[in-house]
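In: generate a structure from the sequence data that follows.
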Amino acid sequence: MWESASVLTFVSIIECRHRLQATIQLMGEFDLIARFFTRPAKNAVLGVGDDCALLPGNAAMQCAVSCDMLVEGRHFLSTVAPERLGHKALAVNLSDLAACGAKPRAFLLALAMPRVDEVFLQGFSNGLFALADEHGIDLVGGDTTAGPLNICITVLGDVPQGAAFLRSGASVGDDVYVSGNLGDARLALEVFRGALALEPEAFEAVRRAMEMPQPRNVLALKLRGLISSAIDVSDGFLGDFTYVLRRSSVGATINVDVLPRSAVLAQRSADLQRLCTLAGGDDYELVFTAPLQHRTAIAVASMQSGVPVTCVGCIEAKAGLRLIDKQGHAVDQKFASFDHFKS
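Out: Numbering: from 1, shown residues only. Down below sits the predicted model:
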């Protein structure tokens, strides 16, 4: 009797799975959008459902637009929780608005996936909308298709005319700042690669930094009128900050020992700390420059936003990026930031 019951149970499980798969196959593109991504718009004149979204205009403001793509196996691991992936997909785009000094307004989602997976979609949309609600923005449109898992979000934001942070604004004598901490995402990646091991609690902390970065939009708005240039750290401090130096036609000296890092990373070897903080990537912190006379105001902006900022160097007339340690000795630039077509 036990064997018969086991066979019947197994058959029932198979039948239920087939019914579920049949239901999933019946869900089409528009059903998917309606079920997982349609909500009443709070700020848009017209949201999801038409060919274009309509946003109210303002003559005093400029519209900032950016988009980033996340590809499975390139930007995230297949083991990431859907909720965290939804969060990160939006967070990396909000970080671009922060680096421009723009207030987030709305976003669009283009999503390709091999099949309709309701469990994945529910978790993904939950994480996506949790962060959207935190920043008070609407999903106003997008596209879905079948294919390898690929997420592309376009964000729109508002910034006062002429007030956008640019990479080309750094001036000789400016301080160089970094928000938050650098390197935890790279440390988590090294654990995933099997290059090192961490205690469970420490690993969860750095894994969370990798999978759920916190965009610095609140800090960015507090910094309006105070800073001269900005960029967010997506591919590594060395590579990303170099874009600012090139666009501004200046150089800089950076003290690698004061680059902000977590207590978890600070317990690792000096070489690993430098690899993670200088070339780690996936941090989505702000690197910005500001005149010396704004030091006090920047400290106030940091306190008001709840985001620590650290002065790590200064802008100089001599071209190039020079790295020094806390004793003032030159540090070998043996690390390279991530490049999608070289790494």
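In: okay, CA-based contacts and neighbour counts for the rest of this
Out: Fine.
In: center of this protein - which residue?
Out: Nearest residue to the geometric centre of the chain (Cα atoms, centre = their mean): V92, 2.5 Å.
In: how near is it to L286?
Out: Look at V92 and L286: by Cα to Cα, to the nearest Å, they are 12 Å apart.
In: mind listing the strands for the protein?
Out: Here the chain has its strands, by DSSP state E, at 61-71, 103-113, 138-146, 150-160, 175-179, 229-232, 251-255, 286-290, 309-316, 320-324.
In: give me the contact list for the last one.
Out: Counting contacts by Cα atoms under 8 Å, 6 or more residues apart in numbering, the residues outside strand 320-324 that touch it are 242, 245, 250-257, 330-333.
In: check the first one too.
Out: By Cα under 8 Å, 6+ apart, the residues outside strand 61-71 that reach it are 76, 89, 92-93, 96-97, 100, 102, 149-161.
In: so what pLDDT did the closest residue to V191 other than its chain neighbours get?
Out: Nearest residue to V191, sequence neighbours excluded (Cα to Cα, 6 or more residues apart in numbering): A197, at 5.7 Å. Here the pLDDT value assigned to A197 is 95.
In: A197 touches L187, doesn't it?
Out: No: counting by Cα atoms under 8 Å, A197 stays clear of L187, with 9.8 Å between them.
In: ok, these two, which is more surrounded?
Out: L187 (29 against 14; other Cα atoms under 10 Å).
In: make sure the more buried one is actually in contact with Q267.
Out: No: the criterion here is Cα under 8 Å, and L187 misses it with Q267 at 11.5 Å.
In: and L278, how far is that from A132?
Out: From L278 across to A132, the span is 30 Å (Cα to Cα).
In: which of those two has more residues huddled nearby?
Out: Neighbours per residue (other Cα under 10 Å) separate L278 from A132, with L278 holding more: 24 against 21.
In: and the gap between the more buried one and S168?
Out: From L278 over to S168 the distance is 21 Å, taken as Cα to Cα.
In: burial measure for V65, as a count.
Out: Burial measure for V65: 19 neighbouring residues, criterion other Cα under 10 Å.
In: beta partners of it?
Out: Note on V65: beta-bridge partners L156, judged by DSSP bridges.
In: what about it, distance to D232?
Out: 15 Å.
In: surely G123 is in contact with V80?
Out: No: using Cα under 8 Å, G123 makes no contact with V80, being 11.0 Å away.
In: who has more neighbours out of those two?
Out: Ranked by neighbour count (other Cα under 10 Å), G123 and V80 place G123 first, with 18 against 12.
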